[in-house]
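Visitor: Here is my input, please return the structure:
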Amino acid sequence: MILLCDEDVGTGVPRALSWVDYPAHALYDCGLGGYADEDWLPIAGRGRLLVFSRNKKMLKVRRERQVIINERVGIIFFTSGVEAPASMLRLLLNKWELLEFLDQTEPRPFARFLAPNGRLMRSYRGVQL
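Guide: From the prediction side, this is the model:
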């Protein structure tokens with residue numbers, strides 16, 4: 001599994017994961033910083049990268065949702081948009097094996113929602129794929 005963190009997550013979390021040998025990249029570090037979601041999501045889907053984002057609106061914007069479906073993207077949304085990078089990092093490290101299992105076994109496309117308490121859900125506030 002390779003985790004691709006979008007711009008809403010930033011560069012600190014994926015860099016810290018990489019420093020401890022967890023395969024993770026930031027959009028910016030991949031040369032995709034500033035790209036529209038519908039432009040970088042196909043790259044994630046074709047590369048079978050697992051996307052990590054705080055931007056749940058991707059599932060509500062028709063074009064972006066359709067790209068996720070068409071390109072068979074696997075995506076994990078963090079349910080809270082106010083968490084500090086250290087909290088996200090700790091949560092990802094604690095849930096890494098579960099995310100790997102999901103990445104390997106769940107048919108794509110899929111979206112899951114990761115709460116700060118570690119709960120992984122299929123929907124969040126009525127939003128799902």
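Visitor: What residues sit buried inside stretch 43-51?
Guide: Buried residues in stretch 43-51, counted by 16 or more other CB atoms under 10 Å: 43-45, 49-51. Backbone N, C-alpha and C define where each C-beta goes, glycine included.
Visitor: My error: substitute stretch 53-63 in the last question.
Guide: 53-56, 58-59.
Visitor: Provide the secondary structure category for W40.
Guide: Using DSSP: H, G, I helix; E, B strand; the rest coil, the three-state assignment for W40 comes out as helix.
Visitor: Leaving out the residues flanking it, which one is nearest to it?
Guide: L32 (4.5 Å; CB to CB, 6 or more residues apart in numbering).
Visitor: do L98 as well
Guide: The nearest residue in space to L98 (CB to CB, 6+ apart) is L120, at 6.6 Å.
Visitor: In CSV, list the buried residues of stretch 53-63 along with distance to L102, pLDDT and secondary structure.
Guide: Formatted as CSV, the buried residues of stretch 53-63 follow (distance: CB to CB, whole Å; pLDDT from 0 to 100; DSSP: H, G, I helix; E, B strand; the rest coil):
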residue, distance to L102, pLDDT, secondary structure
S53, 15, 96, strand
R54, 18, 93, coil
N55, 19, 93, coil
K56, 17, 94, helix
M58, 18, 95, helix
L59, 17, 96, helix
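Visitor: Looking at these, spot the one nearest M88.
Guide: The closest of the buried residues of stretch 53-63 to M88 turns out to be R54 (CB to CB; 8.6 Å).
Visitor: residues contacting that closest one?
Guide: 6, 8-9, 77-78, 80-81 (CB atoms under 8 Å, 6 or more residues apart in numbering).
Visitor: Any of those buried? List them.
Guide: Of the contacts of R54, these count as buried by 16+ other CB under 10 Å: 6, 8-9, 77-78.
Visitor: Tell me which entries of the buried residues of stretch 43-51 lie within strands.
Guide: 50-51 (DSSP state E).
Visitor: possible to save the buried residues of stretch 43-51 as a markdown table with pLDDT?
Guide: Listed next are the buried residues of stretch 43-51 as a markdown table, based on pLDDT from 0 to 100:
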| residue | pLDDT |
| --- | --- |
| I43 | 96 |
| A44 | 96 |
| G45 | 97 |
| L49 | 97 |
| L50 | 98 |
| V51 | 98 |
